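*Asks:* return a 3D structure for these sequence lines:
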Amino acid sequence: MPSDQLTDLFEANRPRLRMVAYRMLGSTAEAEDAVQEAWLRLNRADTADVENLAGWLTTVVSRVCLDMLRSRKSRREDPWDVDFGSIAGAADDLPLDPEHEAVVADSVGTALLVVLQTLEPAERLAFVLHDLFAIPFDEIGPIVDRTPTAARQLASRARRRVQGASAAPDRARQREIVDAFLAASKGGDMAGLIALLDPNVQLHADATVVAFGSAALTRGPVAVAETFSGRARTAEPATIDGEPGLVWAQGGSPRVVFAFTIAGDKIVAIDLLADPDYLAEVEVTMLS
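*Replies:* Numbering: from 1, shown residues only. Okay, here's the model as predicted:
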């Protein structure tokens, strides 16, 4: 690829890479360093066979950030350079890129940055990449040198710590939303399903579920609703590691877990999980 075209592609991805690095490192200076290192590695690498340059760059930045976090932990350093007085203060510290500032103003909270600082490096990376940037665990696992199932557990532990440090989630309301989703699925209620789904909802399926014929990733409320409408008749209410979800079981043993991520009153993500290693580790409590 010509160098000028490579430069243009990198610059197009720079705002997102900077946001990924900032979320992981909490430091605008270190985030810039991580992105610059990704640029240097891009120039040294043979990318002729890279089909998804954006994904490749995200992986590189993530690995650079992971190394920086581990190095920081060994030196017991605290390089955070945000103003914890306000979100606006944090946004003012960032480079003056309109898209970048909009993302920060919309989703970077002081409390989240403080809590992320307490996580182990691998936990933090798994949580940031999956929960904040919707990167599947199949891609996160190799970055942290773990299986996708183990990466999911890292993110799950991080999520519980983040939730525990913030306002307690309304489990009863989340249960109502999941139950309403199940009822609408069984009844073929497309309008009801769409009403429960976030405009940017994503449905992820692990490799075992994909082997059954499901798509690995489905985006958008209509497509996700179409996947479930008139189906899930044998799914049952359950808690998944203490959180409201659904399970398809045979002989009393879970075969497929439906894990929901809910923000406010909307479902923002659904994970279909059937990996035997994951099912052996996850805590499932049937409610029916």
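
*Asks:* ok, which stretches of the stretch 1-150 of the chain are helices?
*Replies:* Here the stretch 1-150 of the chain has its helices, by DSSP state H, counting those that start in this stretch, at 3-25, 28-44, 53-75, 87-93, 98-107, 110-117, 121-127, 137-143, 148-165.

*Asks:* just the CA atoms of the second one, as CSV, please.
*Replies:* Put plainly, it is helix 28-44. The C-alpha coordinates for helix 28-44 follow below in CSV (Å, rounded to 0.1, in the frame of the first residue of the first chain):
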residue,chain,number,x,y,z
THR,A,28,-3.7,12.0,27.6
ALA,A,29,0.1,12.1,27.4
GLU,A,30,0.5,8.3,27.6
ALA,A,31,-2.4,7.8,25.2
GLU,A,32,-0.7,10.0,22.6
ASP,A,33,2.5,7.9,23.2
ALA,A,34,0.6,4.7,22.7
VAL,A,35,-0.9,5.9,19.4
GLN,A,36,2.4,7.2,18.2
GLU,A,37,4.0,3.8,18.9
ALA,A,38,1.2,2.2,16.9
TRP,A,39,2.1,4.5,14.0
LEU,A,40,5.7,3.4,14.2
ARG,A,41,4.8,-0.2,14.3
LEU,A,42,2.5,0.2,11.3
ASN,A,43,5.4,1.7,9.3
ARG,A,44,7.6,-1.2,10.2
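
*Asks:* next, the angle helix 53-75 makes with it.
*Replies:* Between the axis of helix 28-44 and that of helix 53-75 there is an angle of 130 degrees, by axes from the mean of the first three to the mean of the last three Cα atoms, to 10 degrees.

*Asks:* and helix 28-44, what's buried?
*Replies:* 28, 30, 31, 32, 33, 34, 35, 37, 38, 39, 42 (16 or more other Cβ atoms under 10 Å). All C-beta atoms are positioned from the backbone trio N, CA, C, and that covers glycine.

*Asks:* now it, how far from the chain's geometric center?
*Replies:* Chain-centre distance of helix 28-44: 22 Å, with Cα atoms, centre = their mean, to the nearest Å.

*Asks:* repeat that for the last one.
*Replies:* Between the mean C-alpha point of helix 148-165 and the mean C-alpha point of its chain there is a distance of 10 Å (Cα atoms, centre = their mean).

*Asks:* hang on, the earlier thing: rebuild the helices of the stretch 1-150 of the chain as a markdown table, extending it with distance to residue 227.
*Replies:* Formatted as a markdown table, the helices of the stretch 1-150 of the chain follow (distance: least, Cβ to Cβ, whole Å):
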| stretch | distance to residue 227 |
| --- | --- |
| helix 3-25 | 27 |
| helix 28-44 | 35 |
| helix 53-75 | 24 |
| helix 87-93 | 36 |
| helix 98-107 | 27 |
| helix 110-117 | 30 |
| helix 121-127 | 25 |
| helix 137-143 | 19 |
| helix 148-165 | 21 |
